[in-house]
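K.L.:
Based on what follows, work out the 3D shape:
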Amino acid sequence: MTTFKLPNHLLTLEEWDDLPEEGYRWAELAEGVLQVSPSPAMKHQLASSELLLALGPTARVAGFRVVTDMDVLVDPVFPATVRRPDLSIVDLSSADPERLVARNVVLAVEIVSPGSGHRDRVTKPSVYAKAGILSYWILDIAGSAAVLDVFELEGQAYRRVQHADGGTVVITAPFTVAIDVDALLTR
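P.N.:
Next up is the predicted model:
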């Protein structure tokens, strides 16, 4: 068994790429700082699957694809930033087959997990906005009902354009889709 020792400095993109998959599957790189999160809970994974099923067919017709839990290179310049949205809607027509980069992501979705609320509501929106990702959704399933907040990029920041705490919401960007918010929370 090989022992891996993390560097005691800000990681470069090359060092990030060299991290072993085992143990760093849920890791992100935030301005060179390694951030490791626990594996998502069942409730989180089920909500992600339901959202994938709801978005997939419509995204495909609109010329996009939905990918789950995939690294997105947000900023390659040292100290680099690599984030891992729970779901990303991507334009594959100009995407690099080796690495998903922010310019190919038209929508990033984060599902709030215990311990990720501040990062999902404060840190990630500013990072994604700076990278030019046009739409950002936050799905909060912590309570007894699912809550979906939809944001659109306006200048260098996101503006909330819709808030749904249940029922069906029709979202028009990056494509028009009806989402049954209640169905995202599996009971």
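
K.L.:
Quick check: which ranges of the chain have low pLDDT?
P.N.:
Within the chain, the segments meeting pLDDT under 70 span 1-4, 25, 187.

K.L.:
Helices along that one, start to end?
P.N.:
With DSSP state H as the criterion, the chain has helices at 13-17, 42-61, 117-118, 124-131.

K.L.:
Which of those helices sits closest to residue 109?
P.N.:
Across the helices of the chain, residue 109 has its closest neighbour in helix 42-61 (6.7 Å, Cβ to Cβ). Any C-beta I mention is one placed from the backbone N, CA and C, and that applies to glycine too.

K.L.:
I would like the residues contacting that closest one, please.
P.N.:
40, 65-66, 68-69, 86-87, 89, 109, 111, 113, 139, 141, 146, 175-177, 179-180, 183-186 (Cβ atoms under 8 Å, 6 or more residues apart in numbering).

K.L.:
looking at the helices of the chain, which is closest to residue 171?
P.N.:
Nearest of the helices of the chain (Cβ to Cβ): helix 42-61, 9.6 Å.

K.L.:
Show me which residues of that closest one are buried.
P.N.:
The neighbour-count check on helix 42-61 (16 or more other Cβ atoms under 10 Å) flags 44-48, 50-52, 54-55, 58-59 as buried.

K.L.:
try stretch 162-178
P.N.:
164, 169, 171, 174-175, 177.

K.L.:
ok, so of those, who is nearest residue 80?
P.N.:
Of all these, residue 80 sits closest to residue 174, with 25.8 Å by Cβ to Cβ.

K.L.:
wait, what's in contact with the residue nearest the centre of the chain?
P.N.:
What sits nearest the mean C-alpha location of the chain, by Cα atoms, centre = their mean, is residue 85, with 1.6 Å. Residues in contact with residue 85 (Cβ under 8 Å, 6+ apart) are 69-70, 72, 105, 108-110, 124, 128.

K.L.:
Now list the buried members of the residues you listed.
P.N.:
Among these, those classed as buried by neighbour count (16+ other Cβ under 10 Å) are 72, 105, 108-110, 124, 128.
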